[in-house]
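K.L.:
fold the stuff below for me.
(one chain, ligands or ions: 1)
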Amino acid sequence: MHLYLLSSRVSFSPPVFCHASSSATLPFPAPATAKPIPPPSSSRQPQSLKLEAAAPPSNSKCALECPHFQSCSGCTHELDLDRPSVVDEAAEFFSKLGVSDFTFDSSRLWEWRCRAKLAVRGSSATPLIGLYEEGTHNVVDIPHCKAHHPRINAAVELLRKGITSLRILPYDEDQGTGDLRYVQMAVTTHNTSLPVSDRYKNGKVQVSLVWNTRNETSPSSEKLTALAQFLWRNGGPRSNENIIHSVWANFQTSSNNIIFGNRWRHLLGEMDLWEHVGGIDVSLAPSSFGQANTRAFDSLLWKLQKYVPRRSSVADLYAGAGVIGLSVAASRKCRSVKCIEVNKESKLSFEKTVERLPKSLDGSISWHQADTSAEPLSWLMGSEVVIVDPPRKGLDASLVDALKTISFRNLKPMSSTDSSQVKEEKRPWVLRARESSVYVRSSTTSDGPLVLPQTLIYISCGWESFKEDCKALLSTNKWRLEHAHGFNFFPGTQSIEVLAVFQRGKVANLKKKKLGKKKKRS
Ligand SMILES: C[S@@+](CC[C@H](N)C(=O)[O-])C[C@H]1O[C@@H](n2cnc3c(N)ncnc32)[C@H](O)[C@@H]1O
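P.N.:
So this is what the prediction gives:
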């Protein structure tokens, strides 16, 4: 049994052609014969390509064929969706660092986006629902977006009808007036009442309406209720469309560019959105971070799990709702997993996900609301494996420094945050953070501070910042880079997701050590 203690710390569809192979790992480049791929909505197995530096360009023509490409800022390239050119650069980068196993996994090339935040502008008669035109604040309508899960496009059309028929006013940025500012569409593709092959295409959409009032008691809330009911009546489970999972409201009146305000209200439908990735059921509240490409994220999680030793102790930094940490807690039967995340809204989703973990797990699991840059050492000490998944800008400088300098000499500061001395902590910000932590106690105690991280797993969505962080980490010879993999998280862009595995110590030292041991034995 898990015991919770809230306690201290912180459509246009011309045929598209693309290389496709059922083989899991192919030498690159793939065979030159192009064959038609199934329609984008069908379920496809991920491909993993083993890449070498300076691989010759692929003949692949995996084309986006999106009618909005010229105007919308969402996608930056139309061809070779299966292999953005940054992959060659990555292969070369890792090869120079001595990594020989770099692979690139591609899953869905179209209809991959299961989470979208769209601006709502224009007028009630002609609403614009989409992304900004590059370099402007002009919103481009993208009803036939090829990256969106088709149910997102269907929900957007329903919303458009609702706005028009109920005369909802889209937000006017210059005046600060209007009702509806943004909409977030998040798709769950996990419906166990359907055969596995039908689940993805039959996803349901959690719609979050960002309303331009302080709260639900404001005069325009009647319109909000009417819009939610319109969506539910025409898209909910009793409708012919049956595409809406739930409707939420977020209240935001700020004049800045921040999409969401602090106040969330569940309006209709199921409260919890469940998805299944990395072998576990995960709950994703609309206010928590969620990965946009569900399928690619699932592939990454399965790969990542192999690099976490069984029964190890793990720290998951930049954890969101703890999906990565909890997935390894279950698959690797970890002794302890602690998740650290700055957004307090992720806590509830973490707790719900924990509730669905196998009851047989006996490791300790915790989630802490904290800024990892504030006292990074306190989160690193005591765990054998550290997983970092920072935003696009990369790791906080203080965390890079801590990773570069961490040694047993740092043990003293750690003891001051030991739970036996909680009463002595007087700093109000630390005490506040402690109050928002969640501990799942178990028969196994977590490691003490006398453990230093031996494995660092870096997940990156920002290639440029990753290269900088990687060079900084390797500069002191405290870490060596052992494995690297790329994942096609954002087809149509030059962004890839990277999974890099570092081990503590430099290669030369290790060899010396092994030689030394052999000599002693002989
Ligand atoms: C790329 S997301 C990864 C989330 C999570 N690993 C997942 O896959 O669902 C980065 C996360 O880091 C959090 N974050 C950003 N800066 C942070 C900081 N200084 N300390 C802790 N968390 C931070 C964000 O709120 C966000 O949830």
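K.L.:
and Leu81, how far from the ligand?
P.N.:
For Leu81, the distance to the ligand equals 22 Å [C-beta to the nearest ligand atom, to the nearest Å]. Bear in mind the C-beta positions are built from the backbone N, C-alpha and C, glycine included.
K.L.:
you'd agree Ser71 is up against Glu133?
P.N.:
Yes: between Ser71 and Glu133 there is a contact under C-beta atoms under 8 Å: 5.8 Å.
K.L.:
quickly list what's touching both of those two.
P.N.:
Contact criterion C-beta atoms under 8 Å, 6 or more residues apart in numbering; residues shared by Ser71 and Glu133: Val140.
K.L.:
can you name the residues of the chain sitting close to the ligand?
P.N.:
289, 291, 318-320, 323-324, 340-343, 371-373, 389-391, 396, 461 (C-beta under 6 Å from any ligand atom).
K.L.:
list the buried residues for stretch 181-197?
P.N.:
181-191 (16 or more other C-beta atoms under 10 Å).
K.L.:
span of stretch 309-328 from start to end?
P.N.:
Across stretch 309-328, the terminal residues are separated by 10 Å (C-alpha to C-alpha, to the nearest Å).
K.L.:
in contact with the residue of the stretch 101-250 of the chain found nearest the ligand, which residues?
P.N.:
Nearest to the ligand, among the residues of the stretch 101-250 of the chain, is Arg115, at 10.8 Å (C-beta to the nearest ligand atom). If a contact means C-beta under 8 Å, 6+ apart, then Arg115 has 184-187, 290-292 as its contacts.
K.L.:
from these, which is closest to Gly278?
P.N.:
Closest approach to Gly278 among the contacts of Arg115 (C-beta to C-beta): Gln291, at 10.6 Å.
K.L.:
how many residues are close by that closest one?
P.N.:
24 (other C-beta atoms under 10 Å).
K.L.:
same deal with Thr294?
P.N.:
26.
K.L.:
pLDDT weak spots in this structure?
P.N.:
When residues are selected by pLDDT under 70, those of the chain lie in 1-60, 408-435, 441-449, 507-522.
K.L.:
got TSV for the contacts of Arg115, with secondary structure too?
P.N.:
Shown next, in TSV, are the contacts of Arg115 (DSSP: H, G, I helix; E, B strand; the rest coil):
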residue	secondary structure
Gln184	strand
Met185	strand
Ala186	strand
Val187	strand
Gly290	coil
Gln291	coil
Ala292	coil
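K.L.:
out of these, which comes closest to Gln305?
P.N.:
Gln305 lies nearest to Gln291 out of the contacts of Arg115, by C-beta to C-beta, at 15.9 Å.
K.L.:
who does whichever strand or helix holds Ala116 pair up with?
P.N.:
Element membership for Ala116, per DSSP states H and E: strand 115-122. Applying DSSP bridges, strand 115-122 is found paired with strand 127-132 (antiparallel), strand 180-188 (antiparallel).
K.L.:
buried sites along the first one?
P.N.:
Across strand 127-132, burial judged by 16+ other C-beta under 10 Å covers 127-131.
K.L.:
could the residues you listed go into TSV alongside distance to Tyr307?
P.N.:
Putting the buried residues of strand 127-132 into TSV (distance: C-beta to C-beta, whole Å) gives the following:
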residue	distance to Tyr307
Pro127	47
Leu128	45
Ile129	41
Gly130	39
Leu131	35
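K.L.:
surely Arg121 meets Val139?
P.N.:
Yes: counting by C-beta under 8 Å, Arg121 does reach Val139; the two are 4.2 Å apart.
K.L.:
got any residues that touch both of the two?
P.N.:
Shared contacts of Arg121 and Val139, defined by C-beta under 8 Å, 6+ apart, comprise Leu128.
K.L.:
what about the strands in the stretch 201-350 of the chain?
P.N.:
With strands called from DSSP state E, counting those that start in this stretch, the stretch 201-350 of the chain shows them at 204-211, 244-251, 263-269, 274-277, 280-283, 313-317, 336-341.
K.L.:
err, the stretch 1-150 of the chain, not the other one
P.N.:
According to DSSP E, counting those that start in this stretch, the strands that the stretch 1-150 of the chain contains are 3-7, 17-18, 25-27, 35-36, 47-50, 103-106, 115-122, 127-132, 139-141.
K.L.:
hang on, the earlier thing: how about the strands of the stretch 201-350 of the chain in JSON lines, adding distance to Glu89 and mean neighbour count?
P.N.:
As requested, these are exported to JSON lines (distance: least, C-beta to C-beta, whole Å; neighbours: other C-beta atoms under 10 Å):
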{"stretch": "strand 204-211", "distance to Glu89": "36", "mean neighbour count": "26"}
{"stretch": "strand 244-251", "distance to Glu89": "38", "mean neighbour count": "24"}
{"stretch": "strand 263-269", "distance to Glu89": "40", "mean neighbour count": "17"}
{"stretch": "strand 274-277", "distance to Glu89": "28", "mean neighbour count": "20"}
{"stretch": "strand 280-283", "distance to Glu89": "32", "mean neighbour count": "21"}
{"stretch": "strand 313-317", "distance to Glu89": "26", "mean neighbour count": "26"}
{"stretch": "strand 336-341", "distance to Glu89": "31", "mean neighbour count": "27"}
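K.L.:
now those strands as JSON lines including distance to Asn234?
P.N.:
Listed next are these as JSON lines, based on distance: least, C-beta to C-beta, whole Å:
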{"stretch": "strand 204-211", "distance to Asn234": "12"}
{"stretch": "strand 244-251", "distance to Asn234": "8"}
{"stretch": "strand 263-269", "distance to Asn234": "12"}
{"stretch": "strand 274-277", "distance to Asn234": "24"}
{"stretch": "strand 280-283", "distance to Asn234": "27"}
{"stretch": "strand 313-317", "distance to Asn234": "40"}
{"stretch": "strand 336-341", "distance to Asn234": "36"}
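K.L.:
Lys467: which of those is closest?
P.N.:
Taking C-beta to C-beta, strand 313-317 is the member of these nearest to Lys467, at 19.4 Å.
K.L.:
strands paired with the closest one, and their directions?
P.N.:
With DSSP bridges as the test, strand 313-317 is paired with strand 336-341 (parallel), strand 385-388 (parallel).
K.L.:
who touches the longest one?
P.N.:
What it means is strand 336-341. Here strand 336-341 makes contact (C-beta under 8 Å, 6+ apart) with 10, 313-322, 325-326, 328-329, 350, 363-370, 372, 379, 383, 444-447.
K.L.:
buried residues in the strand or helix carrying Asn153?
P.N.:
Taking DSSP H and E as the criterion, Asn153 maps to helix 150-166. By 16+ other C-beta under 10 Å, the buried positions in helix 150-166 come out as 150-156, 158-160, 162-163.
K.L.:
then stretch 481-500?
P.N.:
481-493, 495-500.
K.L.:
ends of that stretch, how far apart?
P.N.:
Distance across stretch 481-500, first residue to last, is 7 Å (C-alpha to C-alpha).
K.L.:
now do stretch 273-289
P.N.:
Note: stretch 273-289 ends 13 Å apart using C-alpha to C-alpha.
K.L.:
can you check stretch 105-125 too?
P.N.:
Stretch 105-125 has an end-to-end distance of 44 Å (C-alpha to C-alpha).
K.L.:
residue of the stretch 151-300 of the chain closest to the ligand, please.
P.N.:
Residue of the stretch 151-300 of the chain nearest the ligand, by C-beta to the nearest ligand atom: Phe289 (3.5 Å).
K.L.:
returning to what we had before: export the strands paired with strand 115-122 to a markdown table and tack on distance to Pro143?
P.N.:
Formatted as a markdown table, the strands paired with strand 115-122 follow (distance: least, C-beta to C-beta, whole Å):
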| stretch | distance to Pro143 |
| --- | --- |
| strand 127-132 | 8 |
| strand 180-188 | 13 |
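K.L.:
how about those strands, which one is nearest Asp105?
P.N.:
So among the strands paired with strand 115-122, strand 180-188 is nearest, using C-beta to C-beta, at 20.9 Å.
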